[in-house]
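Chemist: Kindly generate the corresponding structure for this input.
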Amino acid sequence: MPPHPVLSDYYTDEAGRLVQVRRWFDDTAVHYDWVNGLMSFGSGVYYRTEALRRFGLVPGERLLDCGSGTGVIAAIAQRIVGPSGLVVALDPSSGMLAQARGRGVRNLVPGRAERLPFADASFDRLSMGYALRHVADLGVTFREYLRVLEPGGSLLLLEITRPRSLVGTAALRAYMRTLVPLATRWLHHGRDTAALMRYYWDTIEHCVPPETILEALRAAGFEQVRRQTQLGIFSEYTAVRPTRVQNDQRLEMEQQ
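Modeler: Below is the predicted model of the structure:
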């Protein structure tokens, strides 16, 4: 269950996608925060902080941040969980992990969401910020997320969702696919960064609808699956791994 179809303007198959996207992220890592600041009018850190607070992250918890990129969410989470907690940032791009290290993120692990290098039930919480569109398979990814969470552990996925109206979609497309890449090329002369921003929008426009993501979470075994939106385009998906008691009760009900 890929999050979007093959985007033939950029690659021809899954192997090509992996190579192209990793190269983009490695090569643009040093400019990535600047571009994101431009795209979000400087509100990105504030929004992610509030999202983690709505998520209920508290001191002492263990959080895995998948697709951590330059470590914005991981760095915020480190401050929230404090010295008694643990935050691990995972990303396939060595360039992005280097930027996260410079931000002060302490625990950095190279890897992909579809094959997490952690034991079962290793974390209380798991987050992923604006990277779900870059996984190969939603079902495989969500089953891995369920596996590494403690029973009762919770998941937070932040994503940008295409507006429902045609006018809203056209306006966001013009901004993200045209204006942001142009500004990037003018101010940083970064062709790769501009191409990545165009690709970023195309993955949003062609992404499966929110209902498909919610159903994939349920199919993977998550409960309390919900989606909240901010400003109509910022989706916050949350879900919980069932506890053993809940699983036993369900089994009893099925047997009856």
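
Chemist: what ranges do the helices span in the stretch 101-250 of the chain?
Modeler: 138-148, 166-173, 180-188, 191-205, 210-220, 244-255 (DSSP state H, counting those that start in this stretch).

Chemist: Relative to residue 106, which of those is closest?
Modeler: Residue 106 sits nearest to helix 138-148 of all these, at 18.9 Å, using CB to CB. Every residue, glycine included, has its C-beta placed from N, CA and C.

Chemist: counting contacts, what elements does that closest one pack onto?
Modeler: Under the contact criterion of 3 or more CB pairs under 8 Å, 6 or more residues apart in numbering; DSSP states H and E, helix 138-148 touches strand 123-129, helix 210-220.

Chemist: at 10 Å what do you get?
Modeler: With contacts defined as 3 or more CB pairs under 10 Å, 6 or more residues apart in numbering; DSSP states H and E, helix 138-148 has these neighbours: strand 62-66, strand 123-129, strand 149-160, helix 210-220, strand 234-240.

Chemist: other SSEs contacting the following helix or strand past the first one?
Modeler: Pointing back at strand 62-66 there. Using DSSP states H and E, the next helix or strand after strand 62-66 towards the C-terminus is helix 72-81. Judged by 3+ CB pairs under 10 Å, 6+ apart, helix 72-81 is in contact with helix 14-39, helix 44-55, strand 62-66, strand 86-91, helix 94-103, strand 107-110, strand 123-129.

Chemist: want to try a markdown table for the ones you listed, with mean pLDDT as columns?
Modeler: Below are those laid out as a markdown table (pLDDT from 0 to 100):
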| stretch | mean pLDDT |
| --- | --- |
| helix 14-39 | 87 |
| helix 44-55 | 94 |
| strand 62-66 | 98 |
| strand 86-91 | 98 |
| helix 94-103 | 96 |
| strand 107-110 | 98 |
| strand 123-129 | 98 |
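
Chemist: need these in JSON lines with mean neighbour count and distance to residue 162, can you?
Modeler: Listed next are the helices and strands packed on helix 72-81 as JSON lines, based on neighbours: other CB atoms under 10 Å; distance: least, CB to CB, whole Å:
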{"stretch": "helix 14-39", "mean neighbour count": "17", "distance to residue 162": "16"}
{"stretch": "helix 44-55", "mean neighbour count": "16", "distance to residue 162": "18"}
{"stretch": "strand 62-66", "mean neighbour count": "26", "distance to residue 162": "22"}
{"stretch": "strand 86-91", "mean neighbour count": "25", "distance to residue 162": "25"}
{"stretch": "helix 94-103", "mean neighbour count": "19", "distance to residue 162": "25"}
{"stretch": "strand 107-110", "mean neighbour count": "15", "distance to residue 162": "31"}
{"stretch": "strand 123-129", "mean neighbour count": "24", "distance to residue 162": "18"}
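
Chemist: What is the neighbour count of residue 233?
Modeler: 16 (other CB atoms under 10 Å).
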